[in-house]
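In: predicted model follows, preceded by the sequence.
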Amino acid sequence: AGLRLPTEDEWQVAAEAGLLARREPLVWNLTESEHNDGRTRFVILKGGAGYRAEGSDWYFDGGPQPPEVSVKLLLTGVGLTRSDQVGFRVAADLAPAPGEVTR
């Protein structure tokens, strides 16, 4: 359909500009920013979730997070497991306006 996951930077710019309307329940948003350090693969999540886990320092902070907050979600060789706390939104590349110069 010509849509894709936004990059971490695109998500943050849109959030800072107030362009993201978030519905309840809040979930962490998956971005297309996948990284590999040679040992592990991970993607970046943005936004925060309504669920507040307690009892361990291993859990993410609950509640909505500021746009500049990013967290890493490790990817395993067998793929992602399901979570009702991770969702996604899509982005579309916009065509330049007539006469607009692009680089």
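Out: Arrived safely, thanks for sending.
In: how near is the closest residue in space to Gly63 that isn't next to it in sequence to Glu16?
Out: Among residues not flanking Gly63 along the chain, Gly48 sits closest, at 5.7 Å (C-beta to C-beta, 6 or more residues apart in numbering). Bear in mind the C-beta positions are built from the backbone N, C-alpha and C, glycine included. Distance of Gly48 to Glu16, given as C-beta to C-beta, to the nearest Å: 15 Å.
In: more crowded one of the two?
Out: Gly48 (21 against 12; other C-beta atoms under 10 Å).
In: quick check: beta-bridge partners of that one?
Out: Pro64 (DSSP bridges).
In: list the contacts for it?
Out: Counting by C-beta atoms under 8 Å, 6 or more residues apart in numbering, Gly48 makes contact with 26, 28, 60-65, 69.
In: what about 10 Å?
Out: 22, 26-29, 60-66, 69, 71, 85 (C-beta atoms under 10 Å, 6 or more residues apart in numbering).
In: could you check how far it is from Gly18?
Out: Gly48 is 16 Å from Gly18, by C-beta to C-beta.
In: what's the residue nearest to Glu8 when sequence neighbours are not counted sitting at in phi/psi?
Out: Among residues not flanking Glu8 along the chain, Ser33 sits closest, at 3.9 Å (C-beta to C-beta, 6+ apart). Ser33 has phi and psi values of phi -70, psi 90 when expressed as degrees, to the nearest 10.
In: since that was my last question, I'll sign off now.
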